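1. Please work out how this folds:
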Amino acid sequence: MNGWVAVLAGLGLTTATAAWAIRWSAVHPSPRTDGTGDAPVRRHRPAGRAARRPAPPPRRPR
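-> Numbers count the residues shown, from 1 in each chain. You can find the predicted model right below:
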């Protein structure tokens, strides 16, 4: 019976780790590469006071 306990504990740990990684990657988007990457940077929507503040003007690339 101890094997089943270990299997269930491992599944729970895997699920918790995956959920944490998904949340972390949503808060910390990977930086865009030199333009060859096809995935654009997804920014999470700000909450609270930051949502009501107007967005700063976009920075011009140098």
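
2. Enumerate the residue intervals of this structure where per-residue confidence is below the cut-off.
-> 29-51 (pLDDT under 70).

3. which stretches of the protein form helices?
-> Applying DSSP state H to the chain gives helices spanning 2-27, 49-52.

4. Roughly how far does Pro54 sit from Pro61?
-> Plainly put, Pro54 is 22 Å away from Pro61 if you go by CB to CB, to the nearest Å. All C-beta atoms are positioned from the backbone trio N, CA, C, and that covers glycine.

5. Go through the helices of the chain and pick out the most buried.
-> Scoring these by mean neighbour count under mean count of other CB atoms under 10 Å gives helix 2-27 as the most buried, with a mean of 10.

6. Check which helices and strands that helix is in contact with.
-> Where contact means 3 or more CB pairs under 8 Å, 6 or more residues apart in numbering; DSSP states H and E, helix 2-27 is not packed against any helix or strand.
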